[in-house]
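Chemist: Mind folding the following:
(chains A and B, ligands or ions: 2)
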Protein chains: 2
Amino acid sequence: MTLMYDQLLNIIRDVDRISLNETILEQHSKGMTYHTPQKPELVVYPQTKEEVSQILTYANERCIPVTPFGVGSSLEGHIIPAQGGITVNLSLMNKVVEVRPEDFLVKVQPGVTRSQLNKELKRHGLFFPVDPGADATIGGMASTNASGTNSVKYGTMKDQVLGLEVVLADGRVVRTGGMAVKSSAGYNLTSLLVGSEGTLGIITEITLRLQGIPEIIVASRALFASIEAAGNAAAAMLKSGLDLGKVELVDQATIQAVNAYKNTDYQEVPTLFIEMSGSEQAVKKDMELAQEIAVEEGCQLFESESDSLARAKLWEARHHVAFAIQAANPGKGLLSTDVCVPISELPNAIKETRKLIERHGVEAAIFGHVGDGNYHAVLSIDANDPESVKKIEEINQQIVAYALAKGGTCTGEHGIGLGKKQFLRLEHGEAVDIMKEIKVVFDPKRILNPGKIF
Amino acid sequence: MTLMYDQLLNIIRDVDRISLNETILEQHSKGMTYHTPQKPELVVYPQTKEEVSQILTYANERCIPVTPFGVGSSLEGHIIPAQGGITVNLSLMNKVVEVRPEDFLVKVQPGVTRSQLNKELKRHGLFFPVDPGADATIGGMASTNASGTNSVKYGTMKDQVLGLEVVLADGRVVRTGGMAVKSSAGYNLTSLLVGSEGTLGIITEITLRLQGIPEIIVASRALFASIEAAGNAAAAMLKSGLDLGKVELVDQATIQAVNAYKNTDYQEVPTLFIEMSGSEQAVKKDMELAQEIAVEEGCQLFESESDSLARAKLWEARHHVAFAIQAANPGKGLLSTDVCVPISELPNAIKETRKLIERHGVEAAIFGHVGDGNYHAVLSIDANDPESVKKIEEINQQIVAYALAKGGTCTGEHGIGLGKKQFLRLEHGEAVDIMKEIKVVFDPKRILNPGKIF
Ligand SMILES: Cc1cc2nc3c(=O)[nH]c(=O)nc-3n(C[C@H](O)[C@H](O)[C@H](O)COP(=O)(O)OP(=O)(O)OC[C@H]3O[C@@H](n4cnc5c(N)ncnc54)[C@H](O)[C@@H]3O)c2cc1C
Ligand SMILES: Cc1cc2nc3c(=O)[nH]c(=O)nc-3n(C[C@H](O)[C@H](O)[C@H](O)COP(=O)(O)OP(=O)(O)OC[C@H]3O[C@@H](n4cnc5c(N)ncnc54)[C@H](O)[C@@H]3O)c2cc1C
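Modeler: Ligands and ions are numbered 1, 2, ... in the order given. Here you go, the predicted structure:
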């Protein structure tokens, strides 16, 4: 038992919610990625904002590093306590505080996961649209400005978060935003905190916008002879003003990898996965129009499903892409690139990435959120082999350099964490100096998730 | 000629772009509202970011106040140079820098107006959706986080601005964001600058998202026996997942005022104005569904039009509301309230506002963006009569107090300016201290639009 343990026990007063256990420390030392692990000195599980406030007051007085932790699914080493100290695990703050169905609003604690939230919302005929691949916490998703396949229709976390309760480094509890859908009252601190990766404060409550569950969802799969044709079709659909739900592009080599992994026989060509939702009649009409557009761009096969099982089956190939790479490279870690480019650049960016990867003789799944210009190359990486790490990092660098040259960003949805720090100034230049000064406003002693972003 | 004039002439080198002319100073001393005018010492019209940078470097060294100016249509005294100094009129920086139709993007200088932009975009089959009532500049709209009737479908300025070029108080030119539709790379400075009312920097270029011009637009007018019934119908439409374009509510007394003003015979009942856009078939189906929902909630008459002239005619009553009040009170100023409440609260808020206004024996047009919970009471005010000013300000205060008590905001789209400074701390509490510290990061000598927001 350390002095810090005793002092925090004085705050938490519950031995079950402070841990020095090696396994627990280990679990909080790394994410699912290849970044070098580092253990915190202890892990604490607050249940109230008052406890969070007291923990931060304590840590701030003593300049102890504090790393907030949701479920640790972030992909850039965000939750690795790079300078040790206290990890604040927010998973016990997992109450849905208030559902306001008539206002399309919900207030949640940060540890609520997106599947937990959607289960709770279902009986109100509502849902929360942001859908990263992992069952992340709302606090973690807000902190990385997460998004997913739904963002072409509904936007990213920054578009959903209306208000926050945040504990600042010195223990002050501050509220930003509110329950109005829009506001022009003063500086938008809410959007500043969204995506700040636990470096500006610990979020203890989040007010989110919700959506009505649509009457019907229709999913389609469209096969093309080339990446360009698929990209052109997606662009034409966007331009036509169709109310698109999801538009995902998977490249040929990735479909091959899925076939090898699942023993399936998907036709091995570039494939668009499309989804639309809304009123039954309108969606059916719009999907017909989408098909016409696809055919005009040379689509070879277009099949649609509305039944939920059949839809899942239709999307299967898209959902298996990351696992296919993992299965083909047992025991290795993964690195997922995350650049986002102006949307017309996406087909070329994917083609160039595929060539680059082939030149380096590695395997990768490549798939893109075409409606956003965001795509991922999921690469297997052997963290114990410096050569492997070097090669994969080089590929990542080249993918980022390409995206930045096109006016894009090094990260569309995963965030900077440890892994993309080298790219921040390349992308944002002198604006990074302003970001650093803002960091000091919120956290003068730099105790919050130190070593991340900058 | 003053020393300041000579020194600025050294920067601008064009006598046509610096003015000490009384009429010009007068024009830059007030908006369209009742706030006490105040003239700048001179007005300068830069044409490049380099000039803006030199003007700010000059002013910052000497602690001279600088007020950015678009077309001056803001409604809270934003552009009144409260402490004198230099007004920087950005209307000559009005180039559409680059249209990227394939990326649904445009880069514009800040002085481009929204009608100018949409004219330019039309031939690309694209449009920019944010539509405040005035033909404002994009720079002004970004600086107030403006919105309008389209925001229920497309969002506000903060949802459209992807990147900014900004000149900071000390003359540094900084870029935020980029051309990617989404990003998680560092703190979101773009969203922080949107809505900052010229207090953090002068925006010299804006990258905006665009939308495809929809195949068809259908507008409808739905009459109800009560505000509640109209509100319930709007809520049910929102919940059903219909792809709503606009949903505007006008109360009974306002329709009466329009009839008196235009000599029309609109049925004097609470009226919903609805618009949908997209592919022809889908929109028609959705509008049928909207009608069914309206009828279920007791709608007495529902008429739709798709032809552009007929649509304009149908919306006429909505478009005349502010003018009706102005016409009925010649020679007086206007005060427009701008609260935004959680959407289910809107019908009651409007009813209470109507009662409040009747209790005070004044006239007002009341209309709301039902999809956002934002509504305006447009009140005529006699700036020369302290009693009138006091009465109207009291009404405004009570409307704001009601909205804040419901979790809303004092301003949904107009901003704080001079007029709503008293409400900022009521709404945001201690978060205002953080805003003030951020102000100092950007503008240590507080030369940028001093006296606004705080
Ligand atoms: C298989 C898989 C698929 C994925 N797919 C996607 C995808 O499609 N889109 C996408 O955007 N991401 C995706 N991700 C990444 C990940 O799910 C997101 O980054 C998610 O937002 C992280 O949430 P979390 O709860 O795991 O947060 P954590 O990883 O625990 O934390 C993330 C960051 O937020 C901070 N933080 C956490 N909680 C708080 C709080 N309450 N207050 C302040 N800071 C806090 C942490 O310090 C850390 O910096 C995927 C990950 C995996 C493993
Ligand atoms: C009839 C009428 C109807 C209206 N309807 C709406 C509506 O529906 N929705 C709505 O949101 N608003 C509405 N408004 C208000 C107004 O149109 C908006 O506030 C608009 O955004 C102001 O734009 P502007 O170009 O006139 O800016 P200005 O009034 O000139 O300036 C506004 C603010 O932005 C700052 N600023 C201007 N340009 C820059 C720049 N380049 N860099 C930094 N700061 C800058 C100024 O200092 C000032 O603080 C309406 C106004 C009128 C008169």
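Chemist: mind listing what A:Leu200 touches?
Modeler: Neighbour list for A:Leu200: A:Val166, A:Leu168, A:Leu192, A:Leu193, A:Ile438, A:Lys439, A:Phe442, A:Asp443, A:Leu448, B:Tyr187 [criterion: C-beta atoms under 8 Å, 6 or more residues apart in numbering or on different chains]. (C-beta placed from N, C-alpha, C; glycine too.)
Chemist: how about the residues you listed in JSON lines, adding neighbour count, secondary structure and pLDDT?
Modeler: JSON lines is the format used below for the contacts of A:Leu200 (neighbours: other C-beta atoms under 10 Å in any protein chain shown; DSSP: H, G, I helix; E, B strand; the rest coil; pLDDT from 0 to 100):
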{"residue": "A:Val166", "neighbour count": "26", "secondary structure": "strand", "pLDDT": "98"}
{"residue": "A:Leu168", "neighbour count": "22", "secondary structure": "coil", "pLDDT": "98"}
{"residue": "A:Leu192", "neighbour count": "23", "secondary structure": "helix", "pLDDT": "98"}
{"residue": "A:Leu193", "neighbour count": "26", "secondary structure": "helix", "pLDDT": "98"}
{"residue": "A:Ile438", "neighbour count": "23", "secondary structure": "helix", "pLDDT": "98"}
{"residue": "A:Lys439", "neighbour count": "20", "secondary structure": "helix", "pLDDT": "98"}
{"residue": "A:Phe442", "neighbour count": "24", "secondary structure": "helix", "pLDDT": "98"}
{"residue": "A:Asp443", "neighbour count": "21", "secondary structure": "coil", "pLDDT": "98"}
{"residue": "A:Leu448", "neighbour count": "27", "secondary structure": "strand", "pLDDT": "98"}
{"residue": "B:Tyr187", "neighbour count": "28", "secondary structure": "coil", "pLDDT": "98"}
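Chemist: And those residues, which two are furthest apart?
Modeler: Maximum pairwise distance among the contacts of A:Leu200 (C-beta to C-beta): 15.1 Å, between A:Leu168 and B:Tyr187.
Chemist: surely A:Leu192 meets B:Gly186?
Modeler: No: at 10.6 Å, A:Leu192 does not count as touching B:Gly186 under the criterion of C-beta atoms under 8 Å.
Chemist: how about the residue in the stretch 51-200 of chain A that ligand 2 sits nearest to, what does it touch?
Modeler: With C-beta to the nearest ligand atom as the measure, A:Ser184 is the residue of the stretch 51-200 of chain A nearest to ligand 2, at 7.3 Å. For A:Ser184, the contacting residues are B:Thr144, B:Asn145, B:Ala146, B:Gly195, B:Asp338, B:Thr409, B:Thr411, B:Gly412, B:Glu413, B:His414, B:Gly415, B:Ile416, by C-beta under 8 Å, 6+ apart.
Chemist: How is it assigned, secondary-structure-wise?
Modeler: coil (DSSP: H, G, I helix; E, B strand; the rest coil).
Chemist: pLDDT value on it, please?
Modeler: pLDDT recorded at A:Ser184 is 98.
Chemist: Ligand 1 versus that one, what's the distance?
Modeler: Distance check for A:Ser184 against ligand 1: by C-beta to the nearest ligand atom, to the nearest Å, it reads 26 Å.
Chemist: And for A:Lys107?
Modeler: On the measure of C-beta to the nearest ligand atom, A:Lys107 and ligand 1 end up 14 Å apart.
Chemist: can you check A:Lys95 too?
Modeler: In terms of C-beta to the nearest ligand atom, A:Lys95 sits 13 Å off from ligand 1.
Chemist: Quick check: the gap between the closest residue to ligand 1 within the stretch 301-450 of chain A and A:Val15.
Modeler: In the stretch 301-450 of chain A, the residue that lies nearest ligand 1 is A:Glu413 (3.4 Å; C-beta to the nearest ligand atom). Separation of A:Glu413 from A:Val15 (C-beta to C-beta, to the nearest Å): 38 Å.
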